[in-house]
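Participant: Okay, here's the prediction I keep looking at, along with the sequence it came from:
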Amino acid sequence: MYEKDGEKYFVVDGHVHFWDASPENQLNKYGRGFIDCFYDYHRNLSPEEWVWPIEKFEKYSEEDMIHDLFETGHVDKAIFQPTYLTDFYEEGFNTTERCAWMRDRHPDRFILNTSFDPREGENGLREFEQKVERYQPSGVKLYTAEWRGDSKGWKLSDPWSMRYLEKCEELGVRNVHVHKGPTIWPLNRDAFDVADVDDVATAFTGLNFVVEHVGLPRLEDFCWIATQEKNVYGGLAVALPFIHSRPRYFAKILGELLYWIGEDNILFGSDYGIWSPKWLVESLVDFDMPEDLVSEYGELTPDIKRKILGLNAAKLYDIEVPDDIPQPAEADDGTTEKPAVPQEMVTA
Amino acid sequence: MTHRSTSATKAAWAAGPTPQAVWTALGTVRDPELDQPITDLEFVLDVEVRDDEVDVALRLPTYFCAPNFAFLMVADARTAIEALPGVARANVRLVDHYASSEINEGMSADLGFGASFDGQAVGDDLEELRDTFTRKGFLARTHELCKELLTAGLTPEDLAGMTVGELPPSPLAERFIARRRELGMPSDPHSPLLIDVWGVPVAPEQVGDHLRRARTVHVSIEGNAGMCRGLLATRYADGGTGDERARSAYDPLATTTTTAT
């Protein structure tokens, strides 16, 4: 919970990790390269006082995480988004098992999602079922750029992926977090393309699709899709840290999101340990739309911030919100007609 | 020392390009996603002219930047330099990237993208990918230009009726028209100012929506470019994660007089 200027905010961090990228766990140069890449994101967009030494960044402790999220970071609940990367890390990067250890030690703090990889076919489907039975997750995190042997990625609309999503619907695993990366099959296509989200969001109306990083670097394609599909949401991780180093960019990105997808479909996420929630939460609460952009994008009200910081995720995950937090009504979508996006604009 | 022959028998080699000419050629190569020259983006790490051969090293903001765009930039850089008079061959290498060896080996063996990434691509074609982003760039340029015109006092209704010939001259107008030409879209003075990504005129009642979409594409590309510039600066600020040569202050042309490898 965070309180500022008489306004109270319930905070759900929709995107956290508890990874092990230590040199002992790195399998190859790609494991090294992956965490170095994350570290550059961390160093580039964090305020100076929040930059960690690489050793801590590679493998932070339980104490670090509890302190940074719950003791000082204003977070009420945090959602684990497992990322396996077993081709890069011996024990995996941030597996369900590793996150479950933490969740089990702090059960009232964490919500645990799991993951699947459709390339594992029938066997993987059975294992996925067992994972769901064991951990009782209500969501999955999918990383379509994950390498597996010769494969450099997959699409949500692949036939096996559709089977796994059917299974999600059947088992009540209703929140599907999608993270796009730089590789996919075939490699000559745009790997960041989010058109497959459109396909599965239409096919599985009982599932919610949360596109992490609001589709960046394909913000526009994400906006065209999310404006048409009610069950598509945007996770703010990666976009939000711009608030410190490039506040005008952030204002424009958030303005576009509010215009196209609306205040009820945007979720806060820190991507911890890439960034820490304390400065992100405080910055967002303090943030106003720059004066010259207000006419284009409107004002950022405390209610909008409350929805983004926690209420929207609380709805998706059935999280109980304390009574003293105001619960604004959903924005009326019907009154603000969005321009239709012609099919040829969705350049798949 | 960089090899520079002065013997009469190799006089023809002395007609090789100047580093400045190479730099200018590299300035015509764009990052397809960011719609900016690779020279401005500081992707050019090293330029070396060895008589009629030119060696160029390129670097990118991250180890995992998308390999298809990386391949396009390397191939485009090579094409641009080899078009210069006096150049027999351009050896363009990508450094510090997970797919450096696939791309560099593919390039030196004159393989296309598909053969360089055997089994991971369908065909050799990256032109469809490039085309998508050239058109996105057109929309972003539409936004930049129209924003300038609206700020100057024109209304969306004014824009709806305007032709290319009625555009007040400006750098943004030039950029906008240049992209229309590049895409083979109508760009003569009588052609309508506002056209969609396929060159179809925008109906007056659609102007607001068109400009709104163009704005979103512009925000996206602008944000990505900011991210990429920041990551590159971070990655190469202290040489901690990159190629050791990057530790020296960034000045690719200065490296032309230093010792090669």
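Facilitator: That came through, no problem.

Participant: ok, now how distant is A:V321 from chain B?
Facilitator: Distance, A:V321 to chain B, using CB to the nearest CB, to the nearest Å: 32 Å. Glycine gets a C-beta too; all of them are placed from N, C-alpha and C.

Participant: tally of neighbours for that residue?
Facilitator: 16 (other CB atoms under 10 Å in any protein chain shown).

Participant: Kindly report the same for A:I319.
Facilitator: So A:I319, with other CB under 10 Å, has 16 neighbours.

Participant: List the contacts of B:A66.
Facilitator: By CB atoms under 8 Å, 6 or more residues apart in numbering or on different chains, B:A66 lies in contact with A:182-183, A:190-192, B:33.

Participant: moving C-terminal of the helix or strand of chain B with the lowest mean pLDDT, what's the next helix or strand?
Facilitator: One helix or strand of chain B scores below all others by mean pLDDT, DSSP states H and E: helix B:113-116, with a mean of 93. Downstream of helix B:113-116, the next assigned helix or strand under DSSP states H and E is helix B:127-151.

Participant: List the contacts of that next one.
Facilitator: Applying CB under 8 Å, 6+ apart, the external contacts of helix B:127-151 come out as A:188-190, A:220, A:347, B:32-33, B:35, B:68-69, B:72, B:156, B:158-159, B:167-168, B:170, B:172-173, B:175-176, B:179-180, B:182-183, B:185, B:194, B:197-198, B:210-211, B:213-215, B:217-218, B:221-222.

Participant: In it, which residues are buried?
Facilitator: B:129-130, B:132-146, B:148-149 (16 or more other CB atoms under 10 Å in any protein chain shown).

Participant: Now that helix: average pLDDT?
Facilitator: Mean pLDDT, helix B:127-151: 97.

Participant: C-terminal to it, which secondary structure element comes first?
Facilitator: Counting by DSSP H and E, the next helix or strand C-terminal to helix B:127-151 is helix B:156-161.

Participant: how far is the helix or strand just after that following helix from where the chain is centred?
Facilitator: Downstream of helix B:156-161, the first helix or strand assigned by DSSP H and E is helix B:171-182. Computed by CA atoms, centre = their mean, to the nearest Å, the chain-centroid distance of helix B:171-182 equals 15 Å.

Participant: Next, the buried residues of the following helix or strand past helix B:171-182.
Facilitator: Next in sequence after helix B:171-182, counting helices and strands by DSSP H and E, comes helix B:207-235. Of all the residues in helix B:207-235, those buried under the rule 16+ other CB under 10 Å are B:207, B:209-232, B:234-235.

Participant: so what's B:D125 up against?
Facilitator: By CB under 8 Å, 6+ apart, the contact set of B:D125 is A:188, B:113-114.

Participant: Does anything pack onto the least confident helix or strand of chain B? Which helices or strands?
Facilitator: helix B:67-82, helix B:100-108 (3 or more CB pairs under 8 Å, 6 or more residues apart in numbering or on different chains; DSSP states H and E).

Participant: Now that helix: buried residues?
Facilitator: B:113-114, B:116.

Participant: what's in contact with it?
Facilitator: With contact meaning CB under 8 Å, 6+ apart, helix B:113-116 is reached by A:187-188, B:68, B:71, B:102-103, B:105-107, B:121-126.

Participant: try stretch B:72-82
Facilitator: By CB under 8 Å, 6+ apart, stretch B:72-82 touches B:17, B:22, B:25-26, B:28-32, B:38, B:43, B:54, B:56, B:58, B:87, B:89-90, B:92-94, B:103-104, B:107, B:126, B:129-130.

Participant: what is the mean pLDDT for it?
Facilitator: For stretch B:72-82, mean pLDDT is 98.

Participant: so how far is that stretch off the chain centroid?
Facilitator: The answer for stretch B:72-82 is 10 Å, by CA atoms, centre = their mean.

Participant: again, but for stretch B:183-203
Facilitator: Distance, stretch centre to chain centre, for stretch B:183-203: 23 Å (CA atoms, centre = their mean).

Participant: Which residues of the stretch 1-150 of chain B lie near chain A?
Facilitator: Within the stretch 1-150 of chain B, the positions adjacent to chain A are B:33, B:61-68, B:98, B:113-114, B:117, B:119-126, B:128-129, B:132, B:135-136 by CB under 8 Å from any CB of the partner chain.

Participant: can you tell me if stretch B:188-201 touches chain A.
Facilitator: Yes - contact between stretch B:188-201 and chain A, assessed by CB under 8 Å from any CB, occurs at B:196-198.

Participant: CA atoms only for stretch B:192-207 - export them in PDB, please.
Facilitator: The C-alpha trace of stretch B:192-207 is given here as PDB (Å, rounded to 0.1, in the frame of the first residue of the first chain):
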ATOM      1  CA  PRO B 192      -2.800  14.500 -52.500                       C
ATOM      2  CA  LEU B 193      -0.800  15.200 -49.400                       C
ATOM      3  CA  LEU B 194      -2.500  12.500 -47.300                       C
ATOM      4  CA  ILE B 195      -2.200   9.000 -48.500                       C
ATOM      5  CA  ASP B 196      -2.200   5.700 -46.500                       C
ATOM      6  CA  VAL B 197       0.700   3.200 -46.400                       C
ATOM      7  CA  TRP B 198      -0.400   1.800 -49.700                       C
ATOM      8  CA  GLY B 199      -0.600   5.100 -51.500                       C
ATOM      9  CA  VAL B 200      -4.400   5.400 -51.400                       C
ATOM     10  CA  PRO B 201      -5.700   8.900 -50.800                       C
ATOM     11  CA  VAL B 202      -7.200   9.400 -47.300                       C
ATOM     12  CA  ALA B 203     -10.900  10.500 -47.500                       C
ATOM     13  CA  PRO B 204     -11.600  13.900 -45.800                       C
ATOM     14  CA  GLU B 205     -13.700  12.200 -43.000                       C
ATOM     15  CA  GLN B 206     -10.800   9.800 -42.300                       C
ATOM     16  CA  VAL B 207      -8.100  12.400 -41.800                       C
END
